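Q: need a structure here:
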Amino acid sequence: MLFYYNLLLFLLTLVGGCLPLMTAKAKNINSSYLLAFSGSFLLSITFLHLLPESFNNLSGKAGYLLLAGFFVQLLIQRFTHGAEHGHTHLDEHHIPLVSILAGLSLHALLEGLPLGFTYSDRAATPSLYLAIAAHKVPEAMLVSNLVLHLRGKHKAGIVVLIFALITPAASFLTSFLGGTGQQAHNVIALLLPLVAGSFIHIATTIFFESGTKLHAMNGRKIIAILTGVCLGLLSLLFE
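A: Below you'll find the predicted structure:
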C-alpha cells in the first residue's frame, strides 16, 4: 500500500509542477485559497494524528523536539524565502534560485520522513499523505514557475521531476530503516515531533500570508480553512 500512496503523491506533485509548463494561464492561477485549505488540512492532521503518536512514543520529550522543529523550519525559510508557503516576496530580478531549491529540497525531505513510519493509528498514514499532497501541489507550481522564468522550460521540467521524487523517496527510506530493527525505529520516532513542529510553522504562516493583500480573513478563505479542518476531523472516523 505504501507504494501506491507514494505513487499518488508523486503524480499529484508532478501534475502541479507541470501545469505552468503546459499552459501560460497557470502562471496567473490564484492559489491562495488552495494554500489556505492545504494549510488547515495539514495543521489538523498534525494535531489529530502526528502529535498524539509523538507524545505516545516519547512522552514529554516530544515537546522539546516539537519546539525545535518549529525553529528548524524558521531556519529553512531563510533559504527558501517562504517558497514552501506557496509564494515569495522577492523581486523577480533578484531571486536566489539555488538557495530556494536547496531549501525546498530539504523541506521536501523532511515532509517525507513521517510518511514511512508505522503508526498505531491506521488512519494516520493515508491522512498524512493526503495532507502533504494538498500542500505539494501549489508548492510544485511555484517551483515550476520560478525555474521556468529563470532557466527555461526544459530545466523546469527536470527540476519538477526531481522535486516530485524527493518526498516519496524519503518515505521509502524511513520505511526501510524502520524495518531494520527497533533501534532504527526509535530514532525515526524522534523525527516525528521535529517534523510536526515544522508543519505547524508552515500551516500557521500560510494562514497569515494567504488570502487578500492585507492578509485579511475573507469569506472564501474562511470556507477553505474550515473545509481543511472538517476533512481532518473526518479522518478520525477511519481510526
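Q: residue ranges of the helices in this protein, please?
A: 2-22, 32-45, 51-58, 61-80, 97-112, 124-151, 153-178, 182-209, 219-234 (DSSP state H).
Q: What is the fifth one packed up against?
A: When you say that, I think you mean helix 97-112. helix 61-80, helix 124-151, helix 153-178, helix 182-209 (3 or more Cβ pairs under 8 Å, 6 or more residues apart in numbering; DSSP states H and E). C-beta: built from backbone N, CA, C; applies to glycine.
Q: now what about that helix, what contacts it?
A: Helix 97-112 is contacted from outside by 72-73, 76-81, 83-84, 88, 132, 135-136, 139, 143, 146-147, 150-151, 159, 163, 166-171, 173-174, 194-195, 198, using Cβ atoms under 8 Å, 6 or more residues apart in numbering.
Q: now the second one
A: Among residues not part of helix 32-45, those counted as contacts by Cβ under 8 Å, 6+ apart are 85-87, 127-128, 130-132, 134-135, 137-138, 199-200, 202-207, 210-211, 220-221, 224-229, 231-233, 235.
Q: lowest average confidence, helix or strand, in this structure?
A: Ranked by mean pLDDT, DSSP states H and E, the helix or strand of the chain with the weakest confidence is helix 182-209, at a mean of 85.
Q: distance of the residue nearest to R220 when sequence neighbours are not counted from A203?
A: Excluding the flanking residues, the one nearest R220 by Cβ to Cβ, 6 or more residues apart in numbering is Y33, at 5.6 Å. Distance check for Y33 against A203: by Cβ to Cβ, to the nearest Å, it reads 15 Å.
Q: Compare those two (neighbour count), which wins?
A: When Y33 and A203 are compared for neighbours, A203 comes out ahead with 25 against 18, by other Cβ atoms under 10 Å.
Q: Quick check: that one touching F70?
A: No - the pair A203 / F70 is not scored as a contact, 11.0 Å apart, by Cβ atoms under 8 Å.
Q: if we can go back for a sec, what helices or strands is the least confident helix or strand of the chain leaning on?
A: Judged by 3+ Cβ pairs under 8 Å, 6+ apart, helix 182-209 is in contact with helix 32-45, helix 51-58, helix 61-80, helix 97-112, helix 153-178.
Q: quick check: angle from it to helix 219-234?
A: Using axes from the mean of the first three to the mean of the last three Cα atoms, to 10 degrees, the inter-axis angle of helix 182-209 relative to helix 219-234 is 160 degrees.
Q: and the closest residue to P96 other than its chain neighbours, how far is that from G112?
A: Take P96 and drop its neighbours on the chain: the residue closest to it by Cβ to Cβ, 6+ apart is H81, 7.4 Å away. Using Cβ to Cβ, H81 is found at 22 Å from G112.
Q: who has more neighbours, these two?
A: More crowded of H81 and G112, by other Cβ under 10 Å: G112, with 22 against 17.
Q: So, low pLDDT: which residues of the chain?
A: Along the chain, segments meeting pLDDT under 70 span 24-30, 85-94, 181, 209-217, 239.
Q: Serialize the helices and strands packed on helix 97-112 to a markdown table and add fields for distance to L19.
A: Below are the helices and strands packed on helix 97-112 laid out as a markdown table (distance: least, Cβ to Cβ, whole Å):
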| stretch | distance to L19 |
| --- | --- |
| helix 61-80 | 20 |
| helix 124-151 | 6 |
| helix 153-178 | 10 |
| helix 182-209 | 20 |
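Q: Tell me which of those helices lies nearest to L51.
A: L51 lies closest to helix 182-209 among the helices and strands packed on helix 97-112, at 5.7 Å (Cβ to Cβ).
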